[in-house]
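J.: fold the following, please.
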Amino acid sequence: MTPPSESHPLLPETVRRVDTLVGQAQAAGRAPSVIIGVMRDGQLVHVATAGRTPTPDPDLQYRIGSISKTMTAALLLRQRDEGRLDLDDPLERHLPGGPLGTVRLRQLLSHVGGLQREPDGDWWERSAGADLDTLLAGLTADKLSHPPHRVFHYSNLAYGLLGAVLERRTGESWWDLVRSRLLDPLGMVRTSYQATEPFARGYVVHPWHGTLHEEPRTDTGAMAPAGQLWASLTDLARWAAFLADPDPEVLAPETLAEMCTPAVLADLDSWTAGYGLGLELHRLGDRVYVGHGGSMPGYVATLSVHRPSGTGVVGFANSYGLRSGALSTLGRQLLSTVLDLEPVPVPRPWLPAAGPPPPGVAELTGRWWWMGREYELAWDPDTDELICANLLPGGTVGWRFGRDAAGRWRGRSGMNDGEILTVRRDPADRVTALEIATFVFTRTPEDLG
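T.: Now for the predicted structure:
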């Protein structure tokens, strides 16, 4: 239970609490082994383990199950960003001739396409997988359980079909896309299609006498995009770090933010769970966590990230579930524990700007007024953005404006996301006012524009 990185170590009390909760979960859940990692600021800062079958280690592979879906979704969004498809494309455009052609790619990503949960045939997770042609041949109109976008209905079949779209669109296999577009750039060298030694064998634990039944390690074929992959804890922490702060060479940050935006509520009674584009969303108190759970015969996995703080929890157990609850629930509990005990991360040091603002920026900064309310416009040299903050007590977080392709200041956050900030000038070319979505900001409260 030693942290692999000492750069941002957890406090001793946080470590003690995390280790205790993991030990209790393994004992009560009767899992052969449990391993949980805490990620912060891109680093795996603590690893908690329990059990000895086998002895857990950050380099040991487990099966990640449906966390594979998050990678399938990232690949599809990247194809959209590169102009090769549109999320509102009907399935028919990419897989012609099938009975589900009117369902949109966006609906499949967020599990509101109305599809049944599983494909035809034997339980795909525990059986040798069929090829893509066989999967598509098994589709019938009665695979639609609900009208599209009526209700959230989790569907593994939907992600098998999204993988098929990727293969038909690119001419590459889903696994080759995962490896070349995601794993290699992120240095995830211990994530693989099939188990690679060392790996934990997966079991079903007998409920009465505690004996272990080893489960098959299947190749799920065309359903691989829904749950095939294996990974070490170290690699899964790298993926969690990517979801917290993406490498723009792999996926644009604004695209990942889109994946984290709720597309549907999965819990209509209390609004504590939803789904974005390939990512589960859970609200615990005032925090929202993004990530995914995973299960395959013999394994369960968890990944939860609190993006504002750059903190995440990842983990595995090599049993088909825990008798005392869900590993994903434990992961979110541990994430809340870390954030509750260490709510304020160590701040990065402030550094002076390397040079003056770009031409035309300094004259925009300073105090502005709208309807008797005072605002301050500042320049962020790190991002080359303007930040407009309400100076009233308890004012909201400042709106950010960056330059778009046409050189205009366009909103990137809050209620003015996407809106244009227009600079008004007098005949002498002096700045007189700012206009945002028809709201005019002036230099004094008396001048209402």
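
J.: so what's Thr170 closest to, chain neighbours aside?
T.: Using CB to CB, 6 or more residues apart in numbering and skipping the chain neighbours, the partner closest in space to Thr170 is Leu177 (6.4 Å). Glycine gets a C-beta too; all of them are placed from N, C-alpha and C.

J.: surely that neighbour is in a helix?
T.: Yes - Leu177 forms part of a helix when assessed by DSSP: H, G, I helix; E, B strand; the rest coil.

J.: check which helix or strand covers Leu277.
T.: Leu277 belongs to no helix or strand when elements are defined using DSSP states H and E.

J.: how close does it get to Leu21?
T.: 31 Å (CB to CB, to the nearest Å).

J.: so between the two, which is more surrounded?
T.: Neighbours were tallied for Leu277 and for Leu21 using other CB atoms under 10 Å; the higher tally belongs to Leu277 (24 against 17).

J.: who's the closest spatial neighbour of Leu335, skipping the chain neighbours?
T.: Of all residues not flanking Leu335 in the chain, Val313 sits nearest, at 4.4 Å (CB to CB, 6+ apart).

J.: would you map the strands across the stretch 201-350 of the chain?
T.: For the stretch 201-350 of the chain, the strands defined by DSSP state E, counting those that start in this stretch occupy 203-205, 212-214, 230-232, 264-265, 273-275, 280-284, 287-296, 299-306, 311-317.

J.: do I have it right that Thr383 meets Gly402?
T.: Yes - counting by CB atoms under 8 Å, Thr383 touches Gly402, with 6.9 Å between them.

J.: more crowded one of the two?
T.: Higher neighbour count among Thr383 and Gly402: Gly402, with 16 against 11, using other CB under 10 Å.

J.: ok now do the more buried one, which residues does it touch?
T.: For Gly402, the contact set (CB atoms under 8 Å, 6 or more residues apart in numbering) comprises 383-386, 409-410, 412.

J.: now, of those, which are buried?
T.: In the contacts of Gly402, burial by neighbour count holds for 385-386, 409-410, 412, counting by 16 or more other CB atoms under 10 Å.

J.: residues in contact with Ala73?
T.: Counting by CB under 8 Å, 6+ apart, Ala73 touches 109, 162, 259, 277-279.

J.: now the buried members of these.
T.: By 16+ other CB under 10 Å, the contacts of Ala73 give 109, 162, 259, 277-279 as buried.

J.: and which of the residues you listed is nearest Glu446?
T.: Nearest to Glu446 among the buried ones among the contacts of Ala73: Met259, at 46.1 Å, using CB to CB.

J.: please name the residues that touch that closest one.
T.: Contacts of Met259 (CB under 8 Å, 6+ apart): 73-74, 77, 276-279.

J.: phi, psi of the residue nearest to it when sequence neighbours are not counted?
T.: Closest residue to Met259 apart from its sequence neighbours, by CB to CB, 6+ apart: Leu277 at 4.4 Å. The phi and psi values for Leu277, taken as degrees, to the nearest 10, are phi -100, psi 90.

J.: can you get me a residue count around Ala237?
T.: So Ala237, with other CB under 10 Å, has 29 neighbours.

J.: just checking, it touches Gly312?
T.: Yes - between Ala237 and Gly312 there is a contact at 7.3 Å, judged by CB under 8 Å.

J.: what do those two both touch?
T.: Residues within reach of Ala237 and of Gly312 at once, by CB under 8 Å, 6+ apart, are Met39.

J.: show me the domain layout of the chain.
T.: Using automatic domain parsing, the domain parsing of the chain gives 12-81+152-341, 362-442.

J.: which among those is found nearest to Leu136?
T.: Judged by CB to CB, the one of these that comes nearest to Leu136 is domain 12-81+152-341, at 6.7 Å.

J.: now find how far off-centre the closest one is within its chain.
T.: Centroid separation for domain 12-81+152-341 versus its chain: 10 Å, with CA atoms, centre = their mean, to the nearest Å.

J.: contacts for the top helix by length along the chain?
T.: Using DSSP state H, we find that the single longest helix of the chain is helix 12-29. Outside helix 12-29, the residues within contact range by CB under 8 Å, 6+ apart are 1, 3, 10, 31, 33-34, 36, 38, 46, 48-51, 317, 319, 321-325, 327, 330, 333-334, 337-338, 341-342.

J.: list the buried residues of that helix.
T.: Buried residues in helix 12-29 (16+ other CB under 10 Å): 14-15, 17-19, 21-23, 25-26, 29.

J.: next: stretch 234-248.
T.: By 16+ other CB under 10 Å, the buried positions in stretch 234-248 come out as 234-244, 246.

J.: return the member of those residues nearest to Val189.
T.: Of those, the one sitting nearest to Val189 (CB to CB) turns out to be Asp235, at 7.3 Å.

J.: report the separation between the closest one and Arg190.
T.: Distance of Asp235 to Arg190, computed by CB to CB: 5 Å.

J.: also Glu214?
T.: With CB to CB as the criterion, Glu214 and Arg190 are 22 Å apart.

J.: between those two, who's got more neighbours?
T.: When neighbours are counted by other CB under 10 Å, Glu214 and Arg190 differ, and Arg190 comes out ahead with 21 against 12.

J.: name the nearest residue to that one, ignoring sequence neighbours.
T.: The nearest residue in space to Arg190 (CB to CB, 6+ apart) is Ser232, at 3.9 Å.

J.: do Asp41 as well
T.: Nearest non-adjacent residue to Asp41 (CB to CB, 6+ apart): Gly310, at 4.9 Å.

J.: tell me the contacts of the one you found?
T.: So Gly310 contacts 40-42, 241, 244-245, 345 (CB under 8 Å, 6+ apart).

J.: now the two most distant members of those residues.
T.: The widest separation within the contacts of Gly310 (CB to CB) is 14.3 Å, between Ala241 and Pro345.

J.: what strand or helix carries Glu167?
T.: helix 156-170.

J.: just checking, what packs against that helix?
T.: On a contact count with 3 or more CB pairs under 8 Å, 6 or more residues apart in numbering; DSSP states H and E, helix 156-170 meets helix 68-81, helix 91-94, helix 105-109, helix 132-137, helix 174-177.

J.: need these in CSV (columns: distance to Ser145).
T.: Formatted as CSV, those follow (distance: least, CB to CB, whole Å):
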stretch, distance to Ser145
helix 68-81, 19
helix 91-94, 16
helix 105-109, 13
helix 132-137, 18
helix 174-177, 25
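
J.: for Asn390, find the nearest of those helices.
T.: Using CB to CB, those put helix 68-81 closest to Asn390, at 33.1 Å.

J.: now the closest one: average pLDDT?
T.: If you average the pLDDT over helix 68-81, you get 98.

J.: chain center to the helix-or-strand element of the chain with minimal mean pLDDT, what's the gap?
T.: None of the helices or strands of the chain scores lower by mean pLDDT, DSSP states H and E than helix 132-137, at a mean of 90. Between the centre of helix 132-137 and the centre of its host chain there is 29 Å, according to CA atoms, centre = their mean.
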